[in-house]
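[1] just a sequence and a predicted model for now, questions to come.
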Amino acid sequence: MPVFGFKSLSTKDKVLDRVQNNIEIFSDSVIKNPLLDGMLLEDIALTTTETQVNHKLGRVPNGWIIVKKNAAQDVYESGSTLTDRFLSLTAAGTVTVSLWVF
């Protein structure tokens, strides 16, 4: 994950220091949200046969969310483990999906 964040400035103003502290707390909570550290994978064709999908994260994902699909089909992980390169996905029928992998 790229390193972003709020960098506070050294001041002698107690009010400004408190404001900076609150901004830093908020900024850190947003940056550390694992859901934001993801990749959008679009137009993945799935069928009833297991498909290996390269998630492009370079690490084992925390999870994935279907953000778009063109048919009312269930999609599920068919492999027993997630790897640092692939998701093993199967659908109940033919469907094209877009996933947010995080």
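    The structure has been received and is ready for your questions. Bear in mind the structure is a predicted one, so any value in this text is a computation, not a measurement. Numbers count the residues shown, from 1 in each chain.

[2] where does this protein have low pLDDT?
    1-4, 80-81 (pLDDT under 70).

[3] same thing but 80
    Within the chain, the ranges that satisfy pLDDT under 80 run 1-5, 79-82.

[4] got the residue ranges for the helices in it?
    14-31 (DSSP state H).

[5] for Gly38, grab phi and psi.
    Gly38 adopts backbone torsions of phi -140, psi -170, taken as degrees, to the nearest 10.

[6] so how far is Ser78 from it?
    21 Å (CB to CB, to the nearest Å). Just so you know, the C-beta spots here come from the backbone N, C-alpha and C atoms, and that holds for glycine as well.

[7] neighbour count winner among those two?
    Shown here are Gly38 and Ser78; by other CB atoms under 10 Å, Gly38 has more neighbours (20 against 16).

[8] my guess is the more buried one meets Val101, correct?
    Yes: here Gly38 reaches Val101: they are 5.6 Å apart, a contact under CB atoms under 8 Å.
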